[in-house]
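No letters, just coordinates:
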Ligand SMILES: Cc1ncc(C[n+]2csc(CCOP(=O)(O)OP(=O)(O)O)c2C)c(N)n1
């Protein structure tokens, strides 16, 4: 399901409020990150539509409900995965709680022929790409390292090494340009990743080759226990300027703004105008992963302040205020969420351990005599156990 | 049958030209590979003939070069990237080891990574620091990579063809001090597999195994030993990962003695791997322990000392004598 571009339509009545986003003025020197300069916002935390001169969007009621549904189901899936980790079914889980708008907004801006290079937390983007959520769980359960075919949904494998995938995205985008195709590429990464050399190198390469790539940084304020202040002294979106392309900061908890800004950046890439850095200013409401204990490094009040900006609640308020969705919609979605949770739970529990011989599978595309030799030794070793078990009977 | 005498550098250049010519998906990327033709001129004239879109001067960023090559490979291209010198591959080591080597397996074989990483390597050219190193073992240790090095013009030509056609990532070490050595290249013969070792000289008393720049030293040592009445077999390994242990085994079963020679430090080097495996395979044929000759566990020295560091004729012959004395 892709939300069609509706920029040409007339603004809705409720969006007549044209007031600019209020920012609490703080000098960059004091708090380089927590101030919110030039934050593109189309939906306030109170669920009010506001306008932005550069990013107009007008969605049908059905499209708005679709975005809401995406966010709710993604959150439900995420909660289920967290629960499954607690029950010992998954070794680890990286929750996206709080980042649904950034992911669904940007994900729904993509065309089918665009290509996505995610980190390990892009469950909402995967959802938008049509990747079956149960496929995302294999690597967290430990049955593979992310065994889906990236070309089925133009959704690359999750990348654990921070920042690496931004270069793959850039190279892929260079290939897109060479092919004369008009699709675009999007690379996801976090605020911590912005410190990695690979991210800087991808900025350089994409700018120099004018590659059709959008860098989508989810600044969720934390890199495990390190705040964004430990990564940068300037707001992240401003980094782009030094590389020669635009950077924009969007309210990452506003799904409409994320959709509009990403769509605009993708269109710019398609027109051959090169890369854009989008910084989605958002918040990771849960732990970094299920192994993390955020109480050791951040205050409860901080989370509470962000809860007031909850991306799902915000759109729900808007839908209710505008009468865009009725009670039946919410009830049906609730049931759909439960069904999804059940399906995920069952699928994970039913996931078989991989065959032992899979250790050697796919180490090389063209084969390798050393691998063949070790595979044969391993098979013989395993068979020796089978034999002794037989004898014992 | 086209037979031509050319240098290793020229053979590589011709091979790259053929690769660009045959397959429009082949790209060359690296620092200074365009107008300049690379600091060793291996890509000389290629940008002129194939254009800036196929022979791409990159920003000075090794991780970026390999990382974007991975992206291009995912898009269906076959990039050949040049790392300017051995000592400068390390900024790209992360991309090579964590991404290039593993992505095929991570995708359960659904995607291929046909990337060739060319690295001029080894010493003997009087260079400054970081221009003379032999890091091959660091790559050979990593599953998912294949690591090769030609020692002569014909292999340079054909191994590059095979590397480009491989769907696996190949780390292609070019023996920089041999770039100007000439040899016959038969441009239309069909070579054996990329990983197959070659018998460079036959003999019956002892086997010398080497690859890349050390093959020539070993052949000279074998010729010198011949004058003393010793018959030495020389194997050119060609591939450091995988290693053709069968060919080594056959030779050692005949000679009973093995000396491995490489420029890289002996400690944890490829000689250690060969010694261990051949000891397992040929224990009852061995008349002497497998000996190793190579660099020391010390930073590659300044140029005025490199002849002390690099295995030369005398050190190889000394090891031959020690082996024969058992
Ligand atoms: C190169 C590298 N260094 C360290 C790690 C360990 N690590 C995993 S996630 C993470 C924090 C990443 O923070 P950020 O980029 O902000 O992304 P987020 O997880 O917040 O979405 C770290 C340090 C890693 N995976 N890769």
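Structure's in. What do you need? All figures in this text were calculated on a predicted structure; none of them were measured in a lab. Residues are numbered from 1 along each chain as shown, chains lettered A, B, ... in the order given.

for chain B, longest strand please?
Longest strand in chain B, counting residues (DSSP state E): strand B:258-265.

tell me the phi and psi of residue 154?
If you meant another chain, say so; for now it's chain A. With angles defined as degrees, to the nearest 10, residue A:154 sits at phi 50, psi 40.

which ones are touching it?
For residue A:154, the contact set (Cβ atoms under 8 Å, 6 or more residues apart in numbering or on different chains) comprises A:112, A:113, A:114, A:115, A:116, A:129. Every C-beta, even on glycine, is put in place using the N, C-alpha and C of the backbone.

So the second one belongs to a strand, correct?
Right, residue A:113. No. Assessed with DSSP: H, G, I helix; E, B strand; the rest coil, residue A:113 is coil; it does not lie in a strand.

Quick check: which ranges of the stretch 1-150 of chain B have low pLDDT?
For the stretch 1-150 of chain B, the stretches with pLDDT under 70 are B:1.

try 90
Residues of the stretch 1-150 of chain B that meet the criterion pLDDT under 90 lie in B:1-3.

what does it have sitting close to chain A?
Contact residues, the stretch 1-150 of chain B versus chain A (Cβ under 8 Å from any Cβ of the partner chain): B:53, B:58-59, B:61, B:63-64, B:66-77, B:91, B:94-95, B:98-99, B:102-113, B:143-144, B:146.

Just the buried subset of those residues, written out for PyMOL, thanks.
Here is the PyMOL command that picks out the buried ones among these, judged by 16 or more other Cβ atoms under 10 Å in any protein chain shown:
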select buried, chain B and resi 58+61+63+64+66+67+68+69+70+71+72+73+74+75+77+91+94+95+99+102+103+104+105+106+107+108+110+111+112+113+143+144+146
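
Now, the residues of the stretch 1-150 of chain B next to chain A that are in strands?
Members of the residues of the stretch 1-150 of chain B next to chain A lying in strands (criterion: DSSP E): residue B:146.

So which of the contacts of residue A:154 is the closest to residue A:367?
Taking Cβ to Cβ as the measure, residue A:367 lies nearest residue A:115 of the contacts of residue A:154, at 28.8 Å.

other SSEs contacting the longest strand of chain B?
With contacts taken as 3 or more Cβ pairs under 8 Å, 6 or more residues apart in numbering or on different chains; DSSP states H and E, strand B:258-265 sits against helix B:136-140, strand B:206-210, helix B:214-227, helix B:245-255, helix B:270-282, strand B:291-295, helix B:313-325.

ok, residue A:181 - contacts?
By Cβ under 8 Å, 6+ apart, residue A:181 lies in contact with residue A:113.

I'd assumed residue B:28 was in a strand, is it?
Yes. Counting by three-state DSSP, one finds residue B:28 located in a strand.

show me where pLDDT drops low in the stretch 151-300 of chain B?
Using pLDDT under 90, the flagged stretches of the stretch 151-300 of chain B are B:186-192.

ok, now how distant is the residue in it that the ligand sits nearest to from residue B:194?
Nearest residue of the stretch 151-300 of chain B to the ligand (Cβ to the nearest ligand atom) works out as residue B:169 at 20.0 Å. According to Cβ to Cβ, to the nearest Å, residue B:169 stands 13 Å off from residue B:194.

Same drill for those two, tell me which one is more crowded.
Taking other Cβ atoms under 10 Å in any protein chain shown, residue B:169 and residue B:194 do not tie; residue B:169 has more neighbours (31 against 21).

Roughly how far does the residue of the stretch 201-350 of chain A found nearest the ligand sit from residue A:168?
Closest residue of the stretch 201-350 of chain A to the ligand, Cβ to the nearest ligand atom: residue A:223 (3.1 Å). When Cβ to Cβ is the yardstick, residue A:223 and residue A:168 sit 21 Å from each other.

The two: which is more packed in?
Neighbours were counted for residue A:223 and for residue A:168 using other Cβ under 10 Å; residue A:168 has more, 30 against 20.

Please determine how far that one is located from residue A:266.
Between residue A:168 and residue A:266 the computed distance is 18 Å (Cβ to Cβ).

now swap in residue B:170 and tell me
35 Å.

Then residue A:256?
Distance, residue A:256 to residue A:266, by Cβ to Cβ: 16 Å.

So between the two, which is more surrounded?
Per other Cβ under 10 Å, whichever of residue A:256 and residue A:266 has more neighbours is residue A:256, with 30 against 24.

Show me where chain A has its helices.
Under the criterion DSSP state H, chain A carries helices at the ranges A:61-86, A:100-107, A:123-129, A:138-141, A:150-153, A:164-179, A:197-208, A:239-243, A:255-270, A:300-307, A:311-322, A:327-350, A:369-392.

Understood, closing this out.
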